[in-house]
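>>> with the input below, show me the fold.
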Amino acid sequence: MEASSSDRSRTTAVPQVLKGQKALVTGANSGIGKATAIGLGRAGADVVVNYVSGQDAAEEVVREIEGFGVRAYAHEGDVSQEDQVVEMVARMVREFGTIDIMVANAGLQRDAAVTDMTVAQWSKVLDVNLTGQFLCAREATKEFLRRGVVPEVSRSAGKIICMSSVHQIIPWAGHVNYASSKGGVQMLMATLAQELAPHRIRVNAVAPGAIRTPINRSAWDTPEAEADLLRLIPYRRVGDPEDIANAVTVLASDLLDYVVGTTIYVDGGMTLFPGFATGG
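Okay, the predicted model is just below:
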């Protein structure tokens, strides 16, 4: 039975499981990044709201986070540019003293059939979605290693959460650059987790399924489109950005301190390949 719109995920009250921690969320002025930044602030973290364009929207996110009694500021920066990522993290250390949580969320699509896809379209998506996550993880790791574990703050020296997608394992025709970038994110995350776990740095990923964000509005903004999309989702509702924010918040907390090198799929069961429910 299909869930009604009233059943859709809404912001869930969470305890301040991140009190005293410092978080940076890339691509945080809209969609999943915005909800995640707000969720981390609600859970007690001070938050840097990264954006590449849309300063007014970023400042609005900052004001909402500050309403929880924590600190926040907006930082313009392109995660695909090494010097800008280096400066973004360095500024955070100057202003907040350190970083405890890096949420590498920034991502984009440049869709085309493979025969029409340009090298520029391919490279842009890989540069932002994959290289950008590597750069953010690298710079955060330097600070985690410098500071080490501070037990009164967290049981770990730092947390890196890579924003992936169900398309790290589900092929997606017409989106070869995007699917390839997310497949790369899965291996980036796992390899970093293996390398950094002995330093008490936890690296994990969250893989959204169909979420109501501006990037995929055409897939859900009419009853016909939503009905078509729901055939791919066993749970029979499209996700909300808050569904992802809640998963990131708990994953970043000590509640999941023993979770390392794992992808949490927040997808309503999309990765169960529902087309095979009746035998294929």
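>>> can you give me the pLDDT of Thr26?
With respect to pLDDT, Thr26 scores 98.
>>> then Gln168?
Per-residue pLDDT puts Gln168 at 97.
>>> wait, isn't it in contact with Thr263?
Yes - between Gln168 and Thr263 there is a contact at 7.1 Å, judged by CB atoms under 8 Å. For every residue, glycine as well, the C-beta is placed using N, CA and C.
>>> what residues do those two have in common as contacts?
When CB atoms under 8 Å, 6 or more residues apart in numbering defines a contact, the residues bordering Gln168 and Thr263 alike are 186, 205, 207.
>>> take the residues you listed and keep only those in strands.
Judged by DSSP state E, these include 205, 207 as members of strands.
>>> ranges for the helices of the chain?
With DSSP state H applied, the chain shows helices at 31-42, 55-66, 82-96, 119-126, 132-147, 176-196, 223-230, 241-252, listed in chain order.
>>> report the buried residues of the second one.
For helix 55-66, a neighbour-count test (16 or more other CB atoms under 10 Å) marks 57-59, 61-62, 64-65 as buried.
>>> try the last one
Buried residues in helix 241-252, defined by neighbour count with 16+ other CB under 10 Å: 241-252.
>>> just for the protein, where's the confidence low?
Along the chain, segments meeting pLDDT under 70 span 1-14, 220, 280.
>>> list the contacts of Asn29.
With CB under 8 Å, 6+ apart, Asn29 has these contacts: 49, 51, 54-55, 57-58, 61, 74.
>>> go with 7 Å
49, 51, 54, 57-58, 61 (CB atoms under 7 Å, 6 or more residues apart in numbering).
>>> look up phi and psi at it.
phi -100, psi 0 (degrees, to the nearest 10).
>>> okay, it and Asn216: tell me how far apart.
Plainly put, Asn29 is 17 Å away from Asn216 if you go by CB to CB, to the nearest Å.
>>> swap in Gly279?
From Gly279 to Asn216 the distance is 29 Å (CB to CB).
>>> more neighbours: which of those two?
Asn216 (16 against 5; other CB atoms under 10 Å).
>>> which non-adjacent residue is nearest that one?
Residue nearest to Asn216 in three dimensions, not counting chain neighbours: Ala210, with 7.1 Å by CB to CB, 6 or more residues apart in numbering.
>>> okay, now that neighbour: neighbour count?
Quick note: Ala210 (other CB under 10 Å) scores 20 neighbours.
>>> do the same with Ala193
Neighbour tally, Ala193, other CB under 10 Å: 20.
>>> ditto for the one 3 residues further on
Residue crowding around Leu196 was assessed by other CB under 10 Å; the count is 22.
>>> list the contacts of it.
By CB under 7 Å, 6+ apart, the residues touching Leu196 are 141, 203.
>>> distance of it relative to Arg138?
Leu196 is 11 Å from Arg138, where distance means CB to CB.
>>> likewise for Glu60?
Taking CB to CB, one finds Glu60 at 30 Å from Arg138.
>>> with Gly209 instead?
Distance from Gly209 to Arg138, by CB to CB: 28 Å.
>>> cool, and Glu95?
Counting by CB to CB - Glu95 and Arg138 are separated by 20 Å.
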